[in-house]
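**Student:** let me see the structure of the following:
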Amino acid sequence: ANDRQAQGTPWWQRMVMFILFYWVMMNFNRPRPVQPSGDGLNEPVVVIFHNNSLPVGTMMDLWTFMSEENSSFVPAVDQLVWKEEGVPYDWSESATRKKSIDFVPSKAVQNNGSLFLHTYWMKAGKSPIEGEEFEKPLLYHSHQLNKYITRAPIKKTKNLISGELDEAYVKRRQWEEENNMEESVVQTLSYWKGNFTISLVTDHSSFQKGTIPPQVLKFMTFDEDGNYQPIIFDNEFWVLDEDLMPINSTCESLKLDMVYEPVSIMKWNLMVQMEESFSMQRSFGAGAHEADNVKKILLDNDPYILAFTFFISVAHMILDTLAFKNEIQFWREKKSMEGLSVRSIYINFVSQVIIMLYLLDNPDTSWMILFSAGLGLLIEGWKVTRAAHVSIGWKGPIPYPVLTDKQSYSGNDTKKFDLESMKYLYWALYPLVGMYAVYSIIYESHKNWYSFLVKTAAGCVYTFGFIMMTPQLFINYKLKSVAHLPWRVFFYKATSTFIDDLFAFLVRMPTLHKLRVFRDDIVFLIYLYQRWIYPVDTKRIEVGTEFADIDAEELEAYNKKIAEQENKEKKEKKDKTE
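**Tutor:** Numbering: from 1, shown residues only. Alright, predicted model coming up:
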């Protein structure tokens, strides 16, 4: 369906591609060991290793302070919000600690100010505060508790009938005027995360010099002896955008959940690589909600479903590739349009043009979505050139395309049935499109009349696009045949669609949206039923070869093949009679 093409790569395909990319990077980007120093028989060989600077089971005290200062922060008793004593550096259950606090934010924090947590890992009994027990910390880390998100300016839209401006735009302008800001200024807002999870990577691997993987090395720090300090992991992997709370003057109290827990190097590396992959996708134009969708899948499902998701996702990508390859091959080799709905191909092309205009009218559209829609438009345009004879006509100085039906389409009942099916389709679509347009112009806001037309047309394509497949069903019914259809392409696409339906149960979404996902299945099931009641004779030569498009030798060979086939069938019937 058209709306599926415009939505970009599904999240499960991105997750599979990330896992494959991660495996390749881990296995093919390993540095080679540095050759040991030493030359000659009398000079000893020196092999340098990097070890963890903290032994297993090292007992530490955890000190956490809250402050609006970052680089100039000096720990004080009145800023201490969390202290844990006797925290071991190992995998024991006592290594995990938790605490929750509620506090009143200052005016500075309420007015887009920043707030930080400063965490110190101290030797048991020592303190980071200047005084009698003061000592240099074993480890230190600062963490920002709020997140700044840039919100794009709200577009100026209005009701085209009443001229009333959109309510969200009016409120935004009022806020800008109160703060002496110009119109359409990009706004940066502060949001409260509400969770602070800090971890030490618990790993005591010994690395030979030059063999540390680069994706691990960039997070390491080394002491004067060449030993590496434990990696501090500021774990925000599970902080989703939907969990963020805006900080403003109405926030009288804020809650903070603090967690300290050990983490393995494999789990840490996987989460870091996934975050870097999400960041790369955002730099290419992907939205933050796409990364959150993947995380929701990991949160909401058990490992067995996730493993099932992985294998099904691989199958989905393979099926999509095979469907694309076979569809191109089918239309490249297809010379006859007998039994195929040419009008549906025209409508699909127009639908792709509408989607492209809608995406171009929306400034927030990423270039990845535009590329996907542009590729779909080119393919649909190419299919039009295969389904009809395309030429250029002139009306004065203005050129326009001229579409002429092929003989294999107009010279039999295919065109008649196609036009009849389109007549019934228009009867169904015109009232739906009209009601949607009336609703949109009365209750929705638009930038201008062009935006209204494009948005309304795109909404109809997204909502009623699956109906465009029904004319082919009508032609199959009238001809009592499905031999002309690309069944291999149909099988790949139908299977991919059923996989999409399966994932609808794994992703959190409204019930009505889940039902919307299953709309294409009805058409595909009817196709399967027609395949069953109109079986294809595998001995039959493909009908509808367009003689105008082949030369005399091919036509003679074609007629000869038909004659041989008929003689063979007559002989078989005669043998059975005798």
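**Student:** please name the residues that touch the residue nearest to S440 when sequence neighbours are not counted.
**Tutor:** Taking CB to CB, 6 or more residues apart in numbering, and ignoring the residues beside it in sequence, S440 has T456 as its nearest neighbour in space, at 5.1 Å. All C-beta atoms are positioned from the backbone trio N, CA, C, and that covers glycine. Contact criterion CB atoms under 8 Å, 6 or more residues apart in numbering gives 433, 436-437, 440-441 as the residues in contact with T456.
**Student:** out of these, who's nearest Y228?
**Tutor:** Comparing the contacts of T456 against Y228 with CB to CB picks out S440 as the nearest, at 60.8 Å.
**Student:** ok, now which ones touch Y477?
**Tutor:** Applying CB under 8 Å, 6+ apart to Y477 gives the contacts Q530.
**Student:** likewise for G381?
**Tutor:** G381 makes contact with 349, 352 under the criterion CB under 8 Å, 6+ apart.
**Student:** just the ones in strands from the contacts of T456, please.
**Tutor:** Secondary structure from DSSP state E places none of the contacts of T456 in strands.
**Student:** just these now: which is nearest V390?
**Tutor:** Minimum separation from V390 among the contacts of T456 (CB to CB) is found for V433, which lies at 27.1 Å.
**Student:** need phi/psi at the nearest residue to the closest one once chain neighbours are set aside.
**Tutor:** Using CB to CB, 6+ apart and skipping residues adjacent in sequence, the residue nearest V433 is C460, 5.0 Å away. Backbone torsions for C460, taken as degrees, to the nearest 10, come to phi -70, psi -40.
**Student:** C460 reaches L432, doesn't it?
**Tutor:** Yes - in this structure, C460 is within contact of L432 by CB atoms under 8 Å, at 7.4 Å.
**Student:** which of these two has more residues huddled nearby?
**Tutor:** Under the neighbour definition other CB atoms under 10 Å, C460 and L432 were set side by side, and C460 has more, 20 against 13.
**Student:** in contact with the more buried one, which residues?
**Tutor:** Contact analysis of C460 by CB under 8 Å, 6+ apart lists 429, 432-433, 436.
**Student:** cool, F65 as well?
**Tutor:** Residues near F65 by CB under 8 Å, 6+ apart: 73, 75-76, 79-81, 117-120.
**Student:** part of a strand, is it?
**Tutor:** Yes - the secondary structure assignment for F65 places it in a strand, going by DSSP: H, G, I helix; E, B strand; the rest coil.
**Student:** that one pairs with what?
**Tutor:** Per DSSP bridges, the residues bridged to F65 are L80, H118.
**Student:** against N159, how distant is it?
**Tutor:** Distance from F65 to N159, counting by CB to CB, to the nearest Å: 53 Å.
**Student:** same question, F311
**Tutor:** Per CB to CB, F311 is found 50 Å from N159.
**Student:** between these two, who's got more neighbours?
**Tutor:** Legend: neighbour count by other CB under 10 Å for F311 and N159, higher for N159 (15 against 10).
**Student:** quick one, strands of the stretch 51-200 of the chain?
**Tutor:** Applying DSSP state E, counting those that start in this stretch to the stretch 51-200 of the chain gives strands spanning 59-67, 80-88, 97-103, 116-123, 139-144, 146-151, 187-192, 195-201.
**Student:** quick one, which of the ones you listed gets closest to S391.
**Tutor:** strand 146-151 (50.1 Å).
**Student:** how about that closest one, which residues are buried there?
**Tutor:** With burial defined by 16 or more other CB atoms under 10 Å, the residues of strand 146-151 counted as buried are 146-147.
**Student:** quick check: mean pLDDT of that strand?
**Tutor:** Strand 146-151 carries an average pLDDT of 85.
**Student:** what's the answer for stretch 81-89, then?
**Tutor:** For stretch 81-89, mean pLDDT rounds to 92.
**Student:** for that stretch, list the C-alpha coordinates in CSV.
**Tutor:** What follows is stretch 81-89, C-alpha atoms only, in CSV (Å, rounded to 0.1, in the frame of the first residue of the first chain):
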residue,chain,number,x,y,z
VAL,A,81,21.6,13.9,48.8
TRP,A,82,22.8,10.2,48.9
LYS,A,83,25.5,8.3,50.7
GLU,A,84,26.1,4.6,50.6
GLU,A,85,28.8,2.9,52.7
GLY,A,86,30.5,-0.5,52.0
VAL,A,87,29.7,-0.8,48.3
PRO,A,88,31.8,-3.6,46.8
TYR,A,89,33.2,-3.6,43.3
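**Student:** how far is it from where the chain is centred?
**Tutor:** Taking the mean C-alpha point of stretch 81-89 and that of its whole chain, the gap between them comes to 40 Å (CA atoms, centre = their mean, to the nearest Å).
**Student:** got a list of contacts for it?
**Tutor:** Taking CB under 8 Å, 6+ apart as the criterion, the residues outside stretch 81-89 that touch it are 54-66, 94-95, 97, 99, 101, 103, 117, 121, 124, 200, 202, 230, 258, 260, 262.
**Student:** about what we covered before: so can I have TSV of the contacts of T456 showing neighbour count and distance to P246?
**Tutor:** Formatted as TSV, the contacts of T456 follow (neighbours: other CB atoms under 10 Å; distance: CB to CB, whole Å):
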residue	neighbour count	distance to P246
V433	17	39
Y436	16	34
A437	16	36
S440	18	30
I441	15	33
